[in-house]
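Student: any chance you could fold what I've pasted below:
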Amino acid sequence: MMPTLLPPIIGDWLASRGWSLRAHQRGMLEAAGRGEHALLVAPTGAGKTLAGFLPSLADLIERPKEGLHSLYISPLKALAVDVQRNLLTPIAEMGLDIRVETRTGDTPSDRKARQRVRPPQMLLTTPESLSLLLSYPDADYLFADLETVIIDEIHAFAPDKRGDLLALSLSHLQTIRPTLRRVGLSATVAEPDLYRAWLAPGGRAEDVALVEGEPGAPPDLSILLPQDKVPWSGHSGVYAAKQVVEIIRQNKMTLVFSNTRGLAELTFQELWDENEENLPIGIHHGSLSREARRKVEAAMADGRLRGLVATASLDLGIDWGDVDCVIQMGAPKGSSRLLQRIGRANHRLDEPSKAILIPGNRFEYLEAQAAYDAVMAGERDAERFRPGANDVLAQHIMALACAGPIDPERLHGEVISAWPYRALTRAQLDELLQFVSTGGYALRAYDRFQRLVQEPDGTWRLAHPRLAQQHRLNAGIIVDQPAIDIRFANGRKLGTVEEAFAATLAPGDRFFFSGMSLEVLRQTEGELVVRASTKSAMIPSWGGTRMAMTTHLADKVRRFIADPSVWHRFPDDVHEWLDMQRYRSVLPQPDELLVETFPHEGLHYMVVYSFEGWNAHQSLGMLLTRRMEERGLKPVGFVSNDYALAVYSLEPVRDPVALFSADILDHEFVAWVEESSLLKRAFRDVAVISGLIERQQPGARKTGRQVSFSTDLIYDVLRRYEPDHLLLKAAWADARARMTDVGRLGELLDRAAGTIIHQPLDRVSPLAVPVLIIIGRESVAQRETENALLIEGEELARIAMARD
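Tutor: Numbering: from 1, shown residues only. Here you go, the predicted structure:
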């Protein structure tokens, strides 16, 4: 058992800082003393990380020993580095003989090799790096005396595939070390019992003690309205660039969050154009090179920056106490996400975190107000958990096989003790083992897919030792879009852009990246060679799904629109907009689906106000246009945002109810997904994660085109000869959930038949203006586009808001 009392040396160190243990920190010590797993839910700045490590520090002080004692799992490499820095300071000041090291994809190979032979007492790593450690034959030795696993920002893992991989790894660690204690940390958990079940061995939530921190100071949160006006269109908030620069000038350090990498680059350029005092402002996102990110992080830590434009790459946990203001450019998309970002300011429990929301348009104002209300009321977005993914389990099986023979009976018991896989049957596991072994029935004749062989005693082992190296080169859960490197002519790497964007560039073209204007000199298969330019440039585009507004905020926005008694809280132009909608059309009740139809500039429009998010609306747009085509309505196209979908056609829609029947998911949806690139893209991802297709060979990395070519060939073979193949099922699950948000789409269609309010109009309505403006312009985030949207929005608004 670990000590329940604080060793005097830690108490003296806390006293020297003028600190004392908080109740939740003592609660974590007590849980450790009882040998219990624990989930700590406490606000940002409450000392969660210290609380997680305190029992380990106390135990190592009371019972010093060599070998790996505690494992810390982080969702971000940067967070592991930051925690190491913050741990080393108290360890050094207390004079403790405790080694703390990180192990991520950025760690040098010689240090990784040494860590397996002589591990530190505390190792800070990521789910992917932990899985790789478990793939070595000496894993049992390395983890033999492991006492504690600390999972930071647990909400960032549990509901997705990285959480599946981590849950499987935890189960295997528990087999190696049955007395292993698990600890989870989070500030934004809405349903703690779900996370307790996820964290617990065997899914027994009652085995995990819940420790809750005291609430911190309420945040100082506001919504910025430059010149007291909210634009009709746009979604970046860059119209407020001048005011943002002034906020940066007034504060010591300001974090400016954007929802995408492209918008971060756009925002940085707009801020720089307004930065007359040359304030030091940086940019940080996941496509920048490791060196560029580390440079910015160091400048932040040293207090050399006044402002930093960032994406989700800095959402989590980074403890920079000098950040005194956070700005959210555009809608926050969720109250939990906003709370996480707000917590980056002041990062101290007893001081209010100052944050400012800058909505991009009028619907985004309503969303910002909904997020404001949710945060001030302490409300969180509900989490959606789903069954563990089979492609992840296939990768885990291969990792274990690299370490030694696999006993399938023991493996099944271990896997079902991981909460996401609790319902996995032995037959399903045997199917997975056969897939990892041969690739499946249709591929078993090809030697390249033979990865496991079964021994006479029923155990499985690697078909060849070289497969272990191939697995370690290719393992991982995050499958990025095919990308190529950006380099200066001297070889210095700046980061990556996606191949699809690079394919649109020719020598002489310019684009903004890492806050610089770059001119393309030449392009090879693997890299883009550039030089710095002083001329204007375009903003890169990145693929992938967009962050959708959560159902929690969507419900609040619906209620705002339906209830005029709350409109007094809104700016005059937003109040007038909603009032004119009531006059010109109708205000839908929260449980109603408003569908407006009207002519505009020679076309017929149908606008659906469903508030189910961009991904679901894109899918619905594809399905409705297919159905309209079959019925002779001659659809021309569609456009969507998080709030509405607009379809335009040559013939008018007179009966929208007939278009929204629920069987659209059984017929048009299946046909559309199978004909589109969606399923192939999903198959590419699951084929890579499962290890069927390799991204890297020793000494070489395949291009995105080569990977896609390989997966497309296999996809076609399986569709023809083995349509019920395990990976095709996994690809369908991904395509339905991740790429189309079919859950929200299904909920929309289920209620549509009985709740549709059809409102024929003679002109565009006020609510329709924000979505109609982006027709033909939604693919590129450029400053010229933003300006054009503002101009066109005013003309559309003039038509919609006229009372005649």
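
Student: and residue 785, what pLDDT?
Tutor: pLDDT, residue 785: 51.

Student: pretty sure residue 594 sits in a helix.
Tutor: No: the assignment for residue 594 (DSSP: H, G, I helix; E, B strand; the rest coil) gives strand, which keeps it out of a helix.

Student: now the spatially closest residue to it that is not a sequence neighbour: how far from residue 597?
Tutor: Nearest in space to residue 594, with sequence neighbours left out and distances taken as C-beta to C-beta, 6 or more residues apart in numbering, is residue 588 at 3.8 Å. All C-beta spots, glycine's among them, are computed from the backbone N, C-alpha and C. Going from residue 588 to residue 597 by C-beta to C-beta, to the nearest Å gives 15 Å.

Student: same check, this time on residue 334
Tutor: Counting by C-beta to C-beta, the gap from residue 334 to residue 597 is 32 Å.

Student: those two: which has the busier surroundings?
Tutor: residue 334 (22 against 19; other C-beta atoms under 10 Å).

Student: surely the more buried one meets residue 551?
Tutor: No: using C-beta atoms under 8 Å, residue 334 makes no contact with residue 551, being 9.6 Å away.

Student: any common contacting residues for those two?
Tutor: Here residue 334 and residue 551 have residue 381 as joint contacts, going by C-beta atoms under 8 Å, 6 or more residues apart in numbering.

Student: show me what contacts the residue most central in space within the chain?
Tutor: In the chain, the centroid-proximal residue (C-alpha atoms, centre = their mean) is residue 312; its distance is 7.2 Å. By C-beta under 8 Å, 6+ apart, the contact set of residue 312 is residue 286.

Student: and for residue 605?
Tutor: 596, 597, 598, 599, 646, 647, 648, 764, 768, 772.

Student: 6 Å instead, please
Tutor: Going by C-beta atoms under 6 Å, 6 or more residues apart in numbering, residue 605 touches 598, 646, 648.

Student: for residue 586, same thing?
Tutor: Contact analysis of residue 586 by C-beta under 6 Å, 6+ apart lists residue 759.

Student: quick one, phi psi at it?
Tutor: phi -150, psi 150 (degrees, to the nearest 10).

Student: can you pull out the helices in the stretch 701-804 of the chain?
Tutor: 704-721, 726-734, 742-755, 769-772, 783-801 (DSSP state H, counting those that start in this stretch).

Student: weakest of the ones you listed by average pLDDT?
Tutor: Lowest mean pLDDT within the helices of the stretch 701-804 of the chain: helix 783-801, a mean of 66.

Student: let me know the pLDDT of the residue nearest to the centre of the chain.
Tutor: On pLDDT, residue 312 comes in at 74.

Student: relative to residue 121, how far out is residue 146?
Tutor: Taking C-beta to C-beta, one finds residue 146 at 11 Å from residue 121.

Student: contacting residues for residue 679?
Tutor: Neighbour list for residue 679: 673, 731, 735 [criterion: C-beta under 6 Å, 6+ apart].

Student: surely residue 518 touches residue 528?
Tutor: No: the pair residue 518 and residue 528 does not pass the contact test of C-beta atoms under 6 Å, sitting 8.5 Å apart.

Student: neighbours of the residue nearest to residue 594, just the number please.
Tutor: With other C-beta under 10 Å as criterion, residue 588 counts 23.

Student: got it, and residue 182?
Tutor: Neighbours of residue 182 (other C-beta under 10 Å): 21.

Student: distance-wise, check the spatially closest residue to residue 719 that is not a sequence neighbour relative to residue 680.
Tutor: Nearest residue to residue 719, sequence neighbours excluded (C-beta to C-beta, 6+ apart): residue 728, at 7.0 Å. Distance, residue 728 to residue 680, using C-beta to C-beta: 11 Å.

Student: repeat for residue 100
Tutor: With distances taken as C-beta to C-beta, residue 100 is found 44 Å from residue 680.

Student: the two: which has the busier surroundings?
Tutor: Using other C-beta under 10 Å as the criterion, residue 100 and residue 680 rank with residue 100 on top: 20 against 17.

Student: now tell me which helix or strand of this structure has the poorest mean pLDDT.
Tutor: Ranked by mean pLDDT, DSSP states H and E, the weakest helix or strand in the chain is strand 700-701, scoring a mean of 58.

Student: OK, contacts around the residue nearest to residue 279 when sequence neighbours are not counted?
Tutor: Leaving aside its chain neighbours, residue 279 sits nearest to residue 306 (4.5 Å; criterion: C-beta to C-beta, 6+ apart). By C-beta under 6 Å, 6+ apart, the residues touching residue 306 are 248, 279, 280.

Student: who's in contact with residue 400?
Tutor: Neighbouring residues of residue 400 by C-beta under 6 Å, 6+ apart: residue 406.

Student: where does it land on pLDDT?
Tutor: pLDDT, read off for residue 400, is 97.

Student: what is the orientation angle of whatever helix or strand it lives in with helix 726-734?
Tutor: Using DSSP states H and E, residue 400 maps to helix 390-403. Put simply, helix 390-403 runs at 130 degrees to helix 726-734, going by axes from the mean of the first three to the mean of the last three C-alpha atoms, to 10 degrees.

Student: quick one: residues contacting residue 596.
Tutor: 585, 607, 759, 761, 765.

Student: bridging residues for it?
Tutor: In this entry, residue 596 is beta-bridged to residue 607, residue 759, by DSSP bridges.

Student: residue 377 and residue 562, how far apart?
Tutor: 19 Å.

Student: residue ranges with poor pLDDT in the stretch 501-650 of the chain?
Tutor: 541-547 (pLDDT under 70).

Student: about what we covered before: of the contacts of residue 596 - the most surrounded one?
Tutor: Most surrounded of the contacts of residue 596: other C-beta under 10 Å gives residue 607, at 25 neighbours.

Student: thought that residue was touching residue 769?
Tutor: No: using C-beta under 6 Å, residue 607 makes no contact with residue 769, being 10.0 Å away.

Student: am I right that residue 30 is in a helix?
Tutor: Yes: judged by three-state DSSP, residue 30 forms part of a helix.

Student: and it, how close does it get to residue 19?
Tutor: 19 Å.

Student: now the nearest residue to residue 115 once chain neighbours are set aside. Its backbone dihedrals?
Tutor: For residue 115, ignoring the flanking residues on the chain, the nearest one in space by C-beta to C-beta, 6+ apart is residue 103 at 6.0 Å. Dihedral angles phi and psi of residue 103 (degrees, to the nearest 10) take the values phi -140, psi 110.
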